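*Asks:* One predicted model, sequence on top.
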There are 2 protein chains.
Amino acid sequence: MPWLECVPNVSEGRDRAKVEALAASLASTPGVRLLDVHADAVHHRAVFTCVGEAAALTAGILRLVDGALAAIDLRGHRGAHPRLGAVDVVPFIPLGDATMDDAIAAARATADAVATRFDLPVYLYEQAASAPHRRRLEHVRRGQFEGLAAKLQQPDWAPDAGPARPHPTGGAVAIGARRLLVAYNIVLATTRLDIGTAVARAVRESSGGLRGVKAMALALGDGGPIQVSMNLTDLETTPMHVAYDAVAREAARHGVGIDSSELVGLVPAAAVGAVAAARLGIADWRPTRILDTHLTVR
Amino acid sequence: MPWLECVPNVSEGRDRAKVEALAASLASTPGVRLLDVHADAVHHRAVFTCVGEAAALTAGILRLVDGALAAIDLRGHRGAHPRLGAVDVVPFIPLGDATMDDAIAAARATADAVATRFDLPVYLYEQAASAPHRRRLEHVRRGQFEGLAAKLQQPDWAPDAGPARPHPTGGAVAIGARRLLVAYNIVLATTRLDIGTAVARAVRESSGGLRGVKAMALALGDGGPIQVSMNLTDLETTPMHVAYDAVAREAARHGVGIDSSELVGLVPAAAVGAVAAARLGIADWRPTRILDTHLTVR
């Protein structure tokens, strides 16, 4: 069986013991390899990067949902990142010889298992979506936890599995299938949110910016520096350095520099290879020039 | 059994049919995966990148030597790159959970098999060397094919296996064990070899330059542009972009720019990751942030 990546996002980024317990629930599932944990207090969110075969990942997600519903109460949850549920999103991504159909099948099987076991409403999104208007995660998540009871009653937003009412403390979960992406945040040397918002708007695809870029701006704490939080979903068209340079250019129009940048979770070798090839002016670059890409599990 | 990388260099870079036949001899060996072939007419040299278990790689090298001795006559060979034999160097590199001892054992076993089967003198080099003065490949290769008969008679330079006289058309072969390196060439926007030589001298470790950098300058054809040909052997201390910037800076002192750069063979994901992290200012970078590094065959 081919391997998939699974990157569940959970609405807890502050209580280290809770995050570690949730990580342990994944890491101790037979067949699941937990590769990275990224907890962010400002986002109030943790991102777990796992790989394994589909059945093992589904088993791991069931354990994660079990733990998250017990540990997290969204009624008191305030963070910078939008969220729909205690376990907020669960994307499956094909690796190696796995196909998108494999990832879609894993998403659907996990959705059914989660809905049945926990009486939790589930939306399927992106490649696993049941209708075009449900493809984009930002549309699925619109209204967030607080608007979920009303949303689930709308004819267009009946859940794909589970009840048409929110879990009282855990909301709902969006489960999907997608290609690899890079979650990449750039911190601007300013505390002005309006500048960050202008930069995010200028670079993101939905407002006419760069292909495959999703972006929003948020303050890192009250009066803290502004972060432009991005997902880069089409790395062949818009590599990381192109997004970085666009943010730098737009920020510079407001007289603002870049402070630093960070990855959330892991990055494909091909994505950093493209940046290096541009930096070094390597002629005839192709991702297969990276040794490790030939050595991965099929 | 853990995997090794093996990167034989052969003194034929112009006759495409010969290079393809040699590549096929490796690719058709059971258990050998041929990942890359890089032939260079100016260097008059081809570099094959293979991975596999030690025994399979030894079998592949025997087939490669057999084909190369039949196809290549060094008595008429003129290229820009120094060489000792028809099959010039055969390094073994540990991958994944393999150790340097695994690579050394593979080098020694291959040396014995090649010397016995083909009556060919073999020097062991780098980590597999039998004495400190034989560690550095450039010392083993000093005098080249043309000086080999005399060299093999020197008490300090008796072969590690095989006869103390050159193969008449195939010379000798250097077989070794080493860490991963990046073979990386930068083309300068000049045809002045003296400038290239000054740049190479400034950046290479042996003349006081950067740690782990070997460098030489050569002309890409008669009156052609100058290439600074480098091996980067300590990528943690001297990442690719640091070598690139040093070459650019030294060339600029002579009023010369950089035209392009090229990789020979493959590059480890960690090496391009370090370049990308520097380009993007990623805080808290580590090579384990690269997804593919977690998915490699152990």
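*Replies:* Okay, I see it.
*Asks:* pretty sure residue A:225 is touching residue A:192, no?
*Replies:* No - taking contacts as CB atoms under 8 Å, residue A:225 lies outside contact range of residue A:192: 9.7 Å. Every residue, glycine included, has its C-beta placed from N, CA and C.
*Asks:* residues of the helix or strand hosting residue A:61 that come out buried?
*Replies:* Under the criterion of DSSP states H and E, residue A:61 resides in helix A:54-71. Neighbour-count burial for helix A:54-71, counted by 16 or more other CB atoms under 10 Å in any protein chain shown, picks out A:54, A:56-69, A:71.
*Asks:* again with stretch A:243-251
*Replies:* For stretch A:243-251, by 16+ other CB under 10 Å, it's A:243, A:244, A:245, A:246, A:247, A:248, A:250, A:251.
*Asks:* near chain B too, which of those?
*Replies:* Contacts with chain B within the buried residues of stretch A:243-251, counted by CB under 8 Å from any CB of the partner chain: residue A:244.
*Asks:* Run a quick neighbour tally on residue A:185.
*Replies:* By other CB atoms under 10 Å in any protein chain shown, the residues close to residue A:185 number 21.
*Asks:* cool, and residue A:97?
*Replies:* Neighbour tally, residue A:97, other CB under 10 Å: 12.
*Asks:* Model confidence at it, what's the number?
*Replies:* On pLDDT, residue A:97 comes in at 88.
*Asks:* now do residue A:77
*Replies:* With respect to pLDDT, residue A:77 scores 87.
*Asks:* do residue A:122 as well
*Replies:* 98.
*Asks:* in stretch A:275-294, what counts as buried?
*Replies:* Of the residues in stretch A:275-294, A:275-282, A:285, A:287, A:289-294 count as buried by neighbour count, 16+ other CB under 10 Å.
*Asks:* And chain A, split by domain according to the record?
*Replies:* Per automatic domain parsing, the structural domains of chain A span A:4-177, A:182-294.
*Asks:* would a markdown table of the ones you listed with distance to residue B:213 be doable?
*Replies:* Shown next, in a markdown table, are the domains of chain A (distance: least, CB to CB, whole Å):
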| stretch | distance to residue B:213 |
| --- | --- |
| domain A:4-177 | 32 |
| domain A:182-294 | 15 |
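*Asks:* Can you say which of these is nearest to residue B:118?
*Replies:* Across these, residue B:118 has its closest neighbour in domain A:182-294 (29.3 Å, CB to CB).
*Asks:* Just want the phi and psi numbers for the residue of the stretch 1-150 of chain A found nearest chain B.
*Replies:* Nearest residue of the stretch 1-150 of chain A to chain B (CB to the nearest CB) works out as residue A:35 at 4.9 Å. Main-chain dihedrals, residue A:35, degrees, to the nearest 10: phi -100, psi -30.
*Asks:* show me where the stretch 101-250 of chain A has helices.
*Replies:* Per DSSP state H, counting those that start in this stretch, the stretch 101-250 of chain A carries helices over the ranges A:137-140, A:148-153, A:193-203, A:240-253.
*Asks:* Let me know the average pLDDT across the first one.
*Replies:* For helix A:137-140, the per-residue pLDDT values average out at 94.
*Asks:* quick one, what contacts residue A:220?
*Replies:* Listed by CB atoms under 8 Å, 6 or more residues apart in numbering or on different chains, the contact set of residue A:220 reads A:42, A:80, A:187, A:226, A:227.
*Asks:* which parts of the stretch 51-200 of chain A sit against chain B?
*Replies:* A:51, A:95, A:96, A:180, A:184.
*Asks:* and those residues, which are buried?
*Replies:* Looks like those have A:51, A:95, A:180, A:184 buried, using 16+ other CB under 10 Å.
*Asks:* ok, so of the residues you listed, who is nearest residue B:47?
*Replies:* residue A:95 (29.1 Å).
*Asks:* nearest residue to that closest one other than its sequence neighbours?
*Replies:* Leaving aside its chain neighbours, residue A:95 sits nearest to residue A:3 (4.7 Å; criterion: CB to CB, 6 or more residues apart in numbering or on different chains).
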